[in-house]
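Asks: Next one to model:
(3 chains)
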Amino acid sequence: MTTTEHHTSASVSLTREGESILFPSLPYHMHDRNRRAVHNDKLIAAVEVATLAKDVGRKKIFADTFGPRYDSLRTLAGQIKQHTLDHLDHYLEQFIDRAEANGVRVHFAADAREANAICVEIAQHEKCTACVKSKSMVTEETHLLPALEAVGIETLETDLGEFILQIDHDVPSHIVTPMIHKDRYDTAAAFQRELGAPYTTDPQQLTRIAREYLRDKYRKADLGISGGNFLVADSGSLVICTNEGNATFCVTAPRVHIAFVGIEKLIPSAEHLAVFLKLLARSSTAQPMTIYTDIISGPKRPADSDGPEQVHIILVDNGRTKILADEKMRETLRCIRCGACLNACPVYRKVTGHSYGAVYSGPIGALITPMFRGLRNYKDLPYASSLCGACGEACPVKIDIPRLLIELRSRAVKTGLAGRVEKLAFDAYSASLKHAWTYRLANALSGPVLRAMADHDGYISKAPPPFGGWTDERDLPAPAEQSFRGWWKQNRRNL
Amino acid sequence: MKISLFITCLTDTYYPRVGRAVVAILEHLGHEVVFPAGQTCCGQPMFNTGYHEQAADLARRMIDVFDDADVVVTPSGSCAAMIHEYYPQLLHNDPAYAERTHAFIHKTHEFVEFLTNVEKIDLRALRCKWPGHVTYHYSCHLRALGMTDEAVRLLQQINGIQFTPLKKTEQCCGFGGTFAVKYPEISGAMVRDKTACIAQTRADTVICNDGGCAMNIAGALHREGSEVKLKHLAELIAEGLGLLENDV
Amino acid sequence: MNQHTTRSQFIANVRAALGRSLPLVSADVTPPAVDDAVARLTSSGDDLVETFAARAASVGMDVRRCPPEALTKTLIQLLDELHVTKLVIAVGSVPQATEFSEAFRRRNIAVPDWRGDRAMAADFEADAGLTDVAAAIAETGSIVYRGDAGHGRGLMLVPPVHIAIVRPADIVPDLLDWTRRIDDVHHTQLPAAQTIITGPSKTADIEGVLVTGVHGPGKVVVLLVNP
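Replies: Residues are numbered from 1 along each chain as shown, chains lettered A, B, ... in the order given. The predicted model follows:
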């Protein structure tokens, strides 16, 4: 197999128009990508199959195990996370003390730039040149790979999906299943082109090719980078969950390990860890547990044969304290990145991950992206929901996603982001509902106009603004000839 | 008992027959039905779009209008959910209303929930009969009310009916109020998914107990030239009990 | 190193976000209790061996059983069946060491010493890794591997096959029971690495098709030694 160098220049991934997929120019507008996605039948079919299977699987595995206790378990998990967030300074101090006592070096990054800088400095100080990396949303957030490439540290993603995305110059579109938008043919072509591998579309063989290629990389790497699913304050441990075992490799083979972890990953003790492990994989992929759950409590002990000589944990803020300070939105930091809300969301199924124009997509992304990167920049996102509630029902830590989407909408209204025209319309609409007579009058005036536009079945096929969007997609029923109120008045006395 | 009907703005304007069916059924069950004339809208469209002051004004109005009512029944799941789920949040800072909000929530029932949980109706005993092939659309806002298959259980009590469940039954139809207008491309894709599932059942009637979902699904069915009729469960039951002419 | 945010600045930001300026008194911070009635799935009253065996099988591990006296014979048969010619063994995982080494020698099974090599060269050459376990969890069918001087981390990760010897005494009912053990150990005594393993390495990244043996072993054999 030939080793090509250009796969290291991944993360430049652009849309057809040359715009960065996850870091578009701001303010970001969703519609162009939405329109393209909803008509991409192959993409939508693939994403629907994958998300529906996981959503159905999640419900089944919880019904089969916890049954009626599922709701109480989610409540408990939500309470644990909320408690930890409400006392985060305390738990962070405890974690840092314990982790340092375990021999871990803890670093503090206020933002993405600082997190990457710390990582690069450690790598350069330790003279690392080859890096293997497991999947981490935080490093997507901080855009780490270009920073490592800039100083000549060859970095390879090792999660199979992330690896395929990297060599194909693409970016993830789902928190858990990053290449949900790609298929075996995309993979086969990329492996042939970028790795010089023989063309095959068999997932088994494709995986085999990746295995052999990456084994060599693991052996040569002197730096391993990972994220972290949980930080246990009481024991100072880093917990990483994967199915492939790639994180286990990344935190075992290279001599230096660096973990990027958001501060919201703290939990008080190992007993609490059990609660989250019971929820995470079931919510994510309908498994009882991820295959590998690594609990790392320091660098290799002197007598140990293998394991990293140094373990660094970079605690990343990068906007999290801003969310923490926002009492209404604080609960979004409970998120354990299981992806269940994405899998449950009918909107995600129709527009898919890249339409959200950010690292975090789906319902949780529609909440935290505007919080991280500005509501002004991502005001489309909180409205991209029918508020059906499937996300809130799926959330293992009971983040009230629909309610918080509405909260962000109300902030858009309060700060004028929703626009003057809409505000005038809603003021007028609300005013018409303040009295029964104004309501009747409004209906008496609009009814005949709308009925005149309708066909003989009572449907309008081309409505005037602002309802033009409605009739672009489906017909609009016209008001009935006689309202219920009218009928009641005619047939009953008490009106 | 004396039941106050909250008809909701969409049912009043677009689906008056649903209101007539509800009145007929409740009266058939021996209740007195009144219609407080001051009612307009629960404020859901304002609330969901982020206009919370306007929504709070309408919430206060609702509580005032139904102040004297013992029991309030509404044929729309999303309006009932608005009251149950969000009125406390809207009015918790209003000392004049905070307590009354809870009383209002306590006495307000979605129609199907009322039939099954309060009335504990048995349509077999009432000899409800409706010949036809139906499927059922689960409105998302029933989630907020903790409702699952109540309507299906009622359907299965109807003599002569053929019921085929909808695939992806828990997937939203794409209405979402202003969502349907702000994001027609997504909403349209969602409702076409729903009508495709409806067509797959080969049912001739789809039962839908929410005004918003009804406008969306019926509008999409009509655009597609589908022959499938859309009905509220109240209409079906009223027809089955001979209280309303079957208009199919 | 350049000047970066310090611990105290970092914590001060978090504290300010929470609307406080002073640290909390530790004794006043009590996390929610984990109620077993809510979170427990398996209890000590259940048949732990059978529950563990059934769940381990359901997550894709190959569960074999033998009585203690037949361990050598069963293991040798297993190695034959898997065509193992090079085996890395965790210290203390098989009790009758001389009996084993004799059997291995007769069959030309090389048992290289992996200790002291951070690069895990022996693990990369081996056909299988043979280990005992620190614990097994009936609830999920998991085994827990504890990396230490006698237990190289590469043994359970690098070779294509991992053979884990599990004894009834290793089995705890529920994840809760195992994690509570961690809470009981003083943190400085914790091993540097513990891995809960719940099946063979797997992925479904390519079109949701399940493939095993992505990075870790494609086969995990649980050899349940039960009288």
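
Asks: For chain C, what's the nearest residue on the stretch 151-300 of chain A?
Replies: A:Gly245 (3.0 Å; CB to the nearest CB). Quick note: C-beta positions are derived from backbone N, CA and C, even for glycine.

Asks: Verify the contact between that residue and A:Tyr292 for me.
Replies: Yes: if you go by CB atoms under 8 Å, A:Gly245 and A:Tyr292 touch, sitting 5.0 Å apart.

Asks: who touches both of those two?
Replies: Listed as contacting both A:Gly245 and A:Tyr292 by CB atoms under 8 Å, 6 or more residues apart in numbering or on different chains are C:Ser201, C:Gly216.

Asks: Could you check how far C:Asn108 is from chain B?
Replies: To chain B, C:Asn108 is 58 Å away according to CB to the nearest CB, to the nearest Å.

Asks: Make sure that residue is actually in contact with C:Thr85.
Replies: Yes: in this structure, C:Asn108 is within contact of C:Thr85 by CB under 8 Å, at 6.7 Å.

Asks: Same drill for those two, tell me which one is more crowded.
Replies: C:Thr85 (13 against 8; other CB atoms under 10 Å in any protein chain shown).

Asks: what's the pLDDT at the nearest residue to the residue of the stretch 151-300 of chain A closest to chain C once chain neighbours are set aside?
Replies: Among residues not flanking A:Gly245 along the chain, C:Gly216 sits closest, at 3.0 Å (CB to CB, 6 or more residues apart in numbering or on different chains). With respect to pLDDT, C:Gly216 scores 95.

Asks: what's near enough to touch the spatially most central residue of chain B?
Replies: The centre of chain B sits closest to B:Ser76, judged by CA atoms, centre = their mean, with a distance of 2.4 Å. With contact set as CB under 8 Å, 6+ apart, B:Ser76 has these partners: B:Thr8, B:Leu10, B:Thr11, B:Glu110, B:Asn209, B:Asp210, B:Gly211, B:Gly212.

Asks: what are the phi and psi angles of A:Thr177?
Replies: The phi/psi pair for A:Thr177 (degrees, to the nearest 10) reads phi -110, psi 80.

Asks: cool, and the one 5 residues further on?
Replies: Reported as degrees, to the nearest 10, the phi and psi values for A:Lys182 are phi -120, psi 160.

Asks: closest point of chain B to chain C, which residue?
Replies: For chain B and chain C, the shortest gap (CB to the nearest CB) falls at B:Lys168, measuring 17.6 Å.

Asks: Any idea how many residues pack against that residue?
Replies: Residues near B:Lys168, counting by other CB under 10 Å: 18.

Asks: Give me the secondary structure label for it.
Replies: coil (DSSP: H, G, I helix; E, B strand; the rest coil).

Asks: quick one: pLDDT of the closest residue to it other than its chain neighbours?
Replies: Residue nearest to B:Lys168 in three dimensions, not counting chain neighbours: B:Cys197, with 5.7 Å by CB to CB, 6+ apart. Per-residue confidence (pLDDT) for B:Cys197: 98.

Asks: Specify the local secondary structure of the closest residue to A:His90 other than its chain neighbours.
Replies: Counting by CB to CB, 6+ apart, the nearest residue to A:His90 once its immediate chain neighbours are dropped is C:Leu24, at 4.8 Å. Three-state assignment for C:Leu24 (three-state DSSP): coil.

Asks: which ones are touching B:Ala203?
Replies: Taking CB under 8 Å, 6+ apart, we find B:Ala203 in contact with B:His133, B:Val134, B:Thr135, B:Gln162, B:Thr164, B:Val228.

Asks: Sort out which of these are buried, if you could.
Replies: B:Val134, B:Thr135, B:Gln162, B:Val228 (16 or more other CB atoms under 10 Å in any protein chain shown).

Asks: which ones are touching the third one?
Replies: Residues in contact with B:Gln162 (CB under 8 Å, 6+ apart) are B:Gly132, B:His133, B:Val134, B:Ala203.

Asks: could you redo the last one with a cut-off of 7 Å?
Replies: For B:Gln162, the contacting residues are B:His133, by CB atoms under 7 Å, 6 or more residues apart in numbering or on different chains.

Asks: and if you look at the second one?
Replies: When contacts are counted by CB under 7 Å, 6+ apart, B:Thr135 is found next to B:Thr164, B:Pro165, B:Leu166, B:Ile198, B:Thr201, B:Ala203, B:Val206.

Asks: give me the number of residues near the third one?
Replies: Other residues within reach of B:Leu166 by the criterion other CB under 10 Å amount to 19.

Asks: what's the distance between it and B:Gly212?
Replies: 17 Å (CB to CB, to the nearest Å).

Asks: For chain B, what's the nearest residue on chain C?
Replies: The nearest approach of chain C to chain B comes at C:Gly208, 17.6 Å away (CB to the nearest CB).

Asks: What pLDDT does the model give that residue?
Replies: pLDDT recorded at C:Gly208 is 91.

Asks: For the longest helix along chain B, name the packing helices and strands.
Replies: When chain B is parsed with DSSP state H, its longest helix is helix B:184-201. Counting contacts by 3 or more CB pairs under 7 Å, 6 or more residues apart in numbering or on different chains; DSSP states H and E, helix B:184-201 is packed against helix A:31-38, helix A:346-351, helix A:468-473, helix B:211-223.

Asks: Give the pairing partners of the strand ranked longest in chain B; include direction for each.
Replies: Longest strand in chain B by number of residues, with DSSP state E as the criterion: strand B:129-137. Here strand B:129-137 is paired, per DSSP bridges, with strand B:159-163 (parallel), strand B:205-208 (parallel).

Asks: so how far is the longest one from its chain's centroid?
Replies: Which is strand B:159-163. Distance, stretch centre to chain centre, for strand B:159-163: 21 Å (CA atoms, centre = their mean, to the nearest Å).

Asks: Please, which helix or strand holds the spatially most distant residue from the centre of chain B?
Replies: Distance from the C-alpha centroid of chain B, by CA atoms, centre = their mean, peaks at B:Pro95 (30.4 Å). Assigned by DSSP states H and E, B:Pro95 falls within no helix or strand.

Asks: what's it in contact with, if anything?
Replies: B:Pro95 sits next to no residue when contact means CB under 7 Å, 6+ apart.

Asks: show me the contacts for the one residue sitting closest to the centre of chain A.
Replies: The residue lying closest to the centre of chain A (CA atoms, centre = their mean) is A:Tyr360, at 3.5 Å. Contact analysis of A:Tyr360 by CB under 7 Å, 6+ apart lists A:Ile175, A:Ile368, A:Thr369.

Asks: repeat that for 6 Å
Replies: Taking CB atoms under 6 Å, 6 or more residues apart in numbering or on different chains, we find A:Tyr360 in contact with A:Ile368, A:Thr369.

Asks: hang on, it in a strand?
Replies: No: under three-state DSSP, A:Tyr360 sits outside any strand and is assigned coil.

Asks: Near C:Glu125, how many other residues are there?
Replies: Neighbour count of C:Glu125, defined by other CB under 10 Å: 14.

Asks: Show me the helices in chain B, by range?
Replies: B:9-14, B:16-28, B:44-49, B:52-65, B:77-81, B:87-91, B:98-107, B:111-113, B:150-155, B:179-182, B:184-201, B:211-223, B:233-240.
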